[in-house]
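K.L.:
got a structure for you, letters missing:
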């Protein structure tokens with residue numbers, strides 16, 4: 001089962017992650033997305049969550065993301081984390097407004 005949460009900031013993200021871990025998700029099951037790459041990396045590191053990489057996306061999609069826009073990259077990564085294309089597009093619009101998107105998917 002895949003869960004998507006939209007939050008305003010890292011404090012709310014931390015609270016949601018705590019709730020998700022109480023529901024049986026591990027930190028490796030949780031992904032955080034932000035439109036700004038540095039912000040996403042900092043929050044991912046600080047909250048000890050997972051990053052979408054080769055394992056989730058595969059080599060070709062990872063390489064393709066090097067040459068696409070940030071929005072396309074985010075949608076591709078959110079789909080790799082378990083969202084449908086439509087849900088990923090909706091989530092990317094939330095990111096455009098400065099929000100954070102959490103995706104939890106049990107491995």
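P.N.:
Structure received. Keep in mind the model is a prediction, meaning the values are calculated, not measured.
K.L.:
Give me the helices and strands touching the helix or strand hosting residue 76, please.
P.N.:
When secondary structure is defined by DSSP states H and E, residue 76 falls within helix 70-80. Contact partners of helix 70-80 among helices and strands, from 3 or more CB pairs under 8 Å, 6 or more residues apart in numbering; DSSP states H and E: strand 30-33, helix 54-57, helix 59-65, helix 85-96. C-betas here are computed from N, CA, C, even on glycine.
K.L.:
got the angle between it and helix 85-96?
P.N.:
Orientation check (axes from the mean of the first three to the mean of the last three CA atoms, to 10 degrees): helix 70-80 against helix 85-96 gives 130 degrees.
K.L.:
Report the buried residues of helix 70-80.
P.N.:
Using 16 or more other CB atoms under 10 Å as the burial criterion, the residues of helix 70-80 that qualify are 73, 74, 75, 76, 77, 78, 79, 80.
K.L.:
looking at the helices and strands packed on helix 70-80, which has the lowest confidence?
P.N.:
Per-stretch mean pLDDT for these is lowest at helix 54-57 (a mean of 53).
K.L.:
hang on, the earlier thing: what is the nearest of the buried residues of helix 70-80 to residue 103?
P.N.:
residue 78 (6.4 Å; CB to CB).
K.L.:
doesn't residue 92 make contact with that closest one?
P.N.:
Yes - the pair residue 78 and residue 92 qualifies as a contact (CB atoms under 8 Å) at a distance of 7.1 Å.
K.L.:
which stretches of the protein aren't confidently modelled?
P.N.:
For the chain, applying pLDDT under 70 flags the ranges 51-68.
K.L.:
go with 50
P.N.:
53-54 (pLDDT under 50).
K.L.:
Sounds good, over and out.
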